[in-house]
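A.B. asks: predicted model and sequence below, questions to follow.
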Amino acid sequence: MTDAAPPQYKGPQRVFSGMQPTNGLHLGNYLGALQKFVRLQDQYECIYCIVDLHAITTGPDPKELANRSREVAAAYVAAGVDPKRSTIFIQSAVREHSELAWVFNCVARMGWLERMTQFKDKAGSHAERSSVGLFAYPVLQAADILLYKATHVPVGEDQKQHLELSRDIAAKFNKDYNAPNFFPLPEPLIQGPGARIMSLREGTKKMSKSDPSDMTRINMTDDADAILQKIKKATTDSLPVPESKEGLAGRAEVENLVGIFAAVTERTVEDILTEFGGKGFGVFKPALAEALAAKLSPIAAEMRRLNADPGALDAILKYGADKARAVAQPIMAEVRDVVGFWRAG
Ligand code: TRP
């Protein structure tokens, strides 16, 4: 493992993050990623990507891939990522991601990738029959980040190991090519409420679009009525809302609901417990549902508007790809020189 981003790195502070082009975005995606992306715009130069090259490691339908990418882009914009201030683009539109990934394939070691728990989970007992792309997935992720010399990466807990690998690749590249501080060692930004949003039915399972029951999740496009029904039916216990954080111990479902309330209203957990401590869920749940609907309804409306206008969305994405290339291409040109590739004299 590598140390924190060394102070010797003199380049600009820059945020990079990405999401797969999946359909069915839910509250976990919103609170765990999008809401944070929006907030980080006030502090950093931000580059946000829709990672369709990563998506083909699991073979989505070619007829649907581009539209899924557009839909996630619409969610970024609807949630409040500003395409002018930040950069929003589709990964495959910037060819340098693939080019740098190849260079990094020659830097990363087999043993490093073999330790990746996400690969082990996804490949299961069929590692031999997995695609090389699935194995190299985290190498491409490192290329995404380092193609922009990003210093900070907002990710969920489950991506921490991939980020450590990015740091290892950056450090080994810098060392092998005798280019000290060429790449920064990117740091994760994980803190804050809403880091892990759990199923509404089982507090130990992550909220997921692949759960067969729709009652386990709040979709970003659910209306106020659906939200209220799902929150009312969410698992709790017969005790009232606790008055302090200690009272959340051993009550995973309650902890999840309180965490969601705090994250969606951008208040602290303590603050929520001060207001609702001692009250029953008959009071807490409708208030939570109302806060969720107040946050999500305008975003869902904006997503619908954007999805109905693919031309406008494509214009945003072309503009974003141009901005991304303007950063990526000079860095890739530097990498080519460091590696020693031919360049016409
Ligand atoms: N692997 C990430 C995920 O599944 C998505 C991703 C791809 C990403 N490239 C990235 C996240 C670069 C952060 C930075 O969530």
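C.D. replies: Done, it's in. Numbers count the residues shown, from 1 in each chain.
A.B. asks: can you pull out the helices in the stretch 101-250 of the chain?
C.D. replies: Secondary structure of the stretch 101-250 of the chain by DSSP state H, counting those that start in this stretch: the helices cover 110-114, 117-123, 132-146, 160-176, 224-233.
A.B. asks: pLDDT score for the residue lying closest to Gly280 once chain neighbours are set aside?
C.D. replies: Residue nearest to Gly280 in three dimensions, not counting chain neighbours: Pro240, with 5.3 Å by C-beta to C-beta, 6 or more residues apart in numbering. Using the backbone N, CA and C atoms, a C-beta is placed for each residue, glycine as well. With respect to pLDDT, Pro240 has a value of 96.
A.B. asks: Pro240: how many residues sit nearby?
C.D. replies: Applying other C-beta atoms under 10 Å, we find 18 residues neighbouring Pro240.
A.B. asks: mean pLDDT lowest where, among the helices of the stretch 101-250 of the chain?
C.D. replies: Averaging pLDDT over each of these puts helix 117-123 lowest, since it has a mean of 92.
A.B. asks: same question for that helix: list its buried residues.
C.D. replies: Using 16 or more other C-beta atoms under 10 Å as the test for burial, helix 117-123 gives 119, 122-123.
A.B. asks: again with stretch 289-308
C.D. replies: Neighbour-count burial for stretch 289-308, counted by 16+ other C-beta under 10 Å, picks out 289, 291-293, 295-296, 299-300, 302-303, 306-307.
A.B. asks: just to revisit the earlier point, got a markdown table for the buried residues of helix 117-123, with distance to Lys230 too?
C.D. replies: Formatted as a markdown table, the buried residues of helix 117-123 follow (distance: C-beta to C-beta, whole Å):
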| residue | distance to Lys230 |
| --- | --- |
| Phe119 | 33 |
| Lys122 | 28 |
| Ala123 | 33 |
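A.B. asks: quick check: chain neighbours aside, which residue is closest to Pro60?
C.D. replies: Nearest to Pro60 is Arg68, by C-beta to C-beta, 6+ apart, at 7.0 Å.
A.B. asks: looking at the buried residues of stretch 289-308, which are in helices?
C.D. replies: Among the buried residues of stretch 289-308, the members falling in helices (DSSP state H) are 289, 291-293, 295-296, 299-300, 302-303, 306-307.
A.B. asks: let me have the residues you listed in a markdown table, extended by pLDDT.
C.D. replies: What follows is these, written out as a markdown table (pLDDT from 0 to 100):
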| residue | pLDDT |
| --- | --- |
| Ala289 | 98 |
| Ala291 | 98 |
| Leu292 | 98 |
| Ala293 | 98 |
| Lys295 | 97 |
| Leu296 | 98 |
| Ile299 | 97 |
| Ala300 | 96 |
| Glu302 | 97 |
| Met303 | 97 |
| Leu306 | 96 |
| Asn307 | 94 |
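A.B. asks: tell me which residue of the stretch 1-150 of the chain lies closest to the ligand.
C.D. replies: In the stretch 1-150 of the chain, the residue that lies nearest the ligand is Gly18 (3.5 Å; C-beta to the nearest ligand atom).
A.B. asks: my read: that residue touches Asp144, true?
C.D. replies: Yes - between Gly18 and Asp144 a contact is recorded at 5.8 Å, counting by C-beta atoms under 8 Å.
A.B. asks: find residues that contact each of these two.
C.D. replies: Common neighbours of Gly18 and Asp144, counting by C-beta atoms under 8 Å, 6 or more residues apart in numbering, are 49, 51, 91.
A.B. asks: interface residues of the stretch 1-150 of the chain facing the ligand?
C.D. replies: Residues of the stretch 1-150 of the chain lying close to the ligand (C-beta under 6 Å from any ligand atom) are 16-18, 20, 51, 54, 141, 144-145.
A.B. asks: apply 8 Å and report the result again.
C.D. replies: 16-20, 33, 49, 51, 54, 91, 118, 137-138, 140-141, 144-145, 150 (C-beta under 8 Å from any ligand atom).
A.B. asks: report the buried members of the residues you listed.
C.D. replies: The neighbour-count criterion (16+ other C-beta under 10 Å) marks 16-20, 33, 49, 51, 54, 91, 137-138, 140-141, 144-145, 150 among these as buried.
A.B. asks: now the strands for the stretch 51-200 of the chain?
C.D. replies: Using DSSP state E, counting those that start in this stretch, the strands assigned to the stretch 51-200 of the chain run over residues 87-90, 152-154, 187-189.
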